[in-house]
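Novice: the amino acid sequence is not available; the structure is as follows:
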């Protein structure tokens with residue numbers, strides 16, 4: 001098991017005490033691909049941050065690769081982070097940096113200090129960066145400066161970092177927010193195909209529900225920091241989408257029976273009324 005959460009409660013940022021995640025229990029196996037969906041503020045980014053060991057749990061447990069990262073020393077936890085890659089919605093790309101260097105930064109956690117410094121001055125794996133950029137239709141931008149790219153191109157450079165990273169778990173936050181629909185389809189196809197080919201585990205937050213339903217086998221839906229759906233993407237109905245995003249009238253969620261771990265007890269999908277998809 002790559003990821004295991006048990007009644008996890010966590011804040012949105014280190015040092016905060018307000019719960020952004022409220023009693024989450026979740027398991028993710030090696031090689032799985034799942035989409036996180038939910039309205040803005042539902043907890044998608046907070047969950048990715050928790051999985052990336054950026055925010056310690058307030059309570060409950062988080063297990064990554066069979067171990068509790070917060071029981072480790074700081075150095076050991078940092079090495080564990082080298083086995084995962086978090087791609088934020090807005091990638092932190094220095095504007096005057098060359099694209100090739102920005103992409104190869106995805107390999108830094110697996111490199112020695114000397115190799116990392118050499119990469120900054122003289123990229124030695126330009127072919128690796130070029131292959132990743134070509135996958136995302138950016139091969140001609142290899143030697144461009146970051147500040148000469150469009151917003152959508154910068155977002156794809158951030159995703160190219162994931163493709164070159166020597167990481168077992170990819171945590172991708174809103175990768176399509178700056179892309180037009182046609183480009184979004186191409187990027188998500190490339191991302192899922194690359195993860196499948198390399199046997200990476202992919203957790204991707206999306207606002208594009210139809211993309212999630214078509215391109216991912218599993219959907220985890222959040223509302224107000226709580227998992228309200230975890231199941232097959234193909235079985236997530238239009239009525240459930242409307243309930244999740246509040247586009248139809250929602251009944252009192254008290255009809256939902258909590259499971260022993262505190263989450264909603266998700267009955268077989270054909271039996272789940274729209275009214276209890278959300279809290």
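Specialist: Received the coordinates, thanks. Every value quoted in this text rests on a predicted model; they were computed, and no experiment measured them. Numbers count the residues shown, from 1 in each chain.
Novice: what about stretch 86-96, distance to the chain center?
Specialist: The chain centre lies 15 Å from the centre of stretch 86-96; the measure is Cα atoms, centre = their mean, to the nearest Å.
Novice: what mean pLDDT does that stretch get?
Specialist: If you average the pLDDT over stretch 86-96, you get 93.
Novice: and that stretch, how far apart are its ends?
Specialist: Length of stretch 86-96, first residue to last, Cα to Cα, to the nearest Å: 22 Å.
Novice: cool, and stretch 219-230?
Specialist: End-to-end span of stretch 219-230 (Cα to Cα): 6 Å.
Novice: what about that stretch, average pLDDT?
Specialist: In the prediction, stretch 219-230 has an average pLDDT of 97.
Novice: so which residues make contact with that stretch?
Specialist: With contacts defined as Cβ atoms under 8 Å, 6 or more residues apart in numbering, stretch 219-230 is touched by 19-26, 34-39, 42-44, 46-47, 212-213, 218, 231-233, 236, 240, 244, 263-264, 266, 272, 277-279. For glycine as for every other residue, the C-beta is placed from the backbone atoms N, C-alpha and C.
Novice: just the ones of these in strands?
Specialist: Among the contacts of stretch 219-230, the residues falling in strands (DSSP state E) are 21-26, 34-37, 218, 231-232.
Novice: now, the most widely separated pair of these?
Specialist: Pairwise distances across the ones in strands among the contacts of stretch 219-230 (Cβ to Cβ) peak at 24.3 Å, for the pair 22 and 232.
Novice: so between those two, which is more surrounded?
Specialist: residue 22 (20 against 12; other Cβ atoms under 10 Å).
Novice: remind me which residues of the chain are low pLDDT?
Specialist: Segments of the chain classed as low confidence (criterion: pLDDT under 70) are 109-123, 247-279.
Novice: try 50 this time
Specialist: By pLDDT under 50, the low-scoring segments of the chain are 113-114, 121, 248-279.
Novice: longest helix anywhere in it?
Specialist: Longest helix of the chain, by residue count under DSSP state H: helix 181-198.
Novice: what's in contact with the next helix or strand after that helix?
Specialist: The element immediately downstream of helix 181-198 (helix or strand, assigned by DSSP states H and E) is strand 201-205. Contact with strand 201-205 is made by 2-3, 28-37, 44-45, 47-48, 51, 168-175, 188, 191-192, 195, 216, as judged by Cβ under 8 Å, 6+ apart.
Novice: would you list every one of the strands in the stretch 51-200 of the chain?
Specialist: Remark: strands assigned in the stretch 51-200 of the chain by DSSP state E, counting those that start in this stretch are 57-64, 84-87, 169-173.
Novice: the second one pairs with which strands?
Specialist: For strand 84-87, the paired strands and their directions (DSSP bridges) are strand 169-173 (parallel).
Novice: distance between the strand it pairs with and the chain's centre?
Specialist: That offset, for strand 169-173, works out to 3 Å (Cα atoms, centre = their mean).
Novice: swap in stretch 9-24?
Specialist: Its chain's C-alpha centre and that of stretch 9-24 lie 17 Å apart, by Cα atoms, centre = their mean.
Novice: swap in stretch 173-187?
Specialist: Put simply, stretch 173-187 sits 14 Å off its chain's centre (Cα atoms, centre = their mean).
Novice: flag every buried residue along it.
Specialist: Across stretch 173-187, burial judged by 16 or more other Cβ atoms under 10 Å covers 173-179, 183-185, 187.
Novice: can you check stretch 44-59 too?
Specialist: In stretch 44-59, counting by 16+ other Cβ under 10 Å, buried: 44-53, 55, 57-58.
Novice: how about JSON lines for these, with distance to residue 160 added?
Specialist: Formatted as JSON lines, the buried residues of stretch 44-59 follow (distance: Cβ to Cβ, whole Å):
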{"residue": "44", "distance to residue 160": "22"}
{"residue": "45", "distance to residue 160": "21"}
{"residue": "46", "distance to residue 160": "25"}
{"residue": "47", "distance to residue 160": "24"}
{"residue": "48", "distance to residue 160": "19"}
{"residue": "49", "distance to residue 160": "22"}
{"residue": "50", "distance to residue 160": "25"}
{"residue": "51", "distance to residue 160": "21"}
{"residue": "52", "distance to residue 160": "19"}
{"residue": "53", "distance to residue 160": "23"}
{"residue": "55", "distance to residue 160": "26"}
{"residue": "57", "distance to residue 160": "31"}
{"residue": "58", "distance to residue 160": "34"}
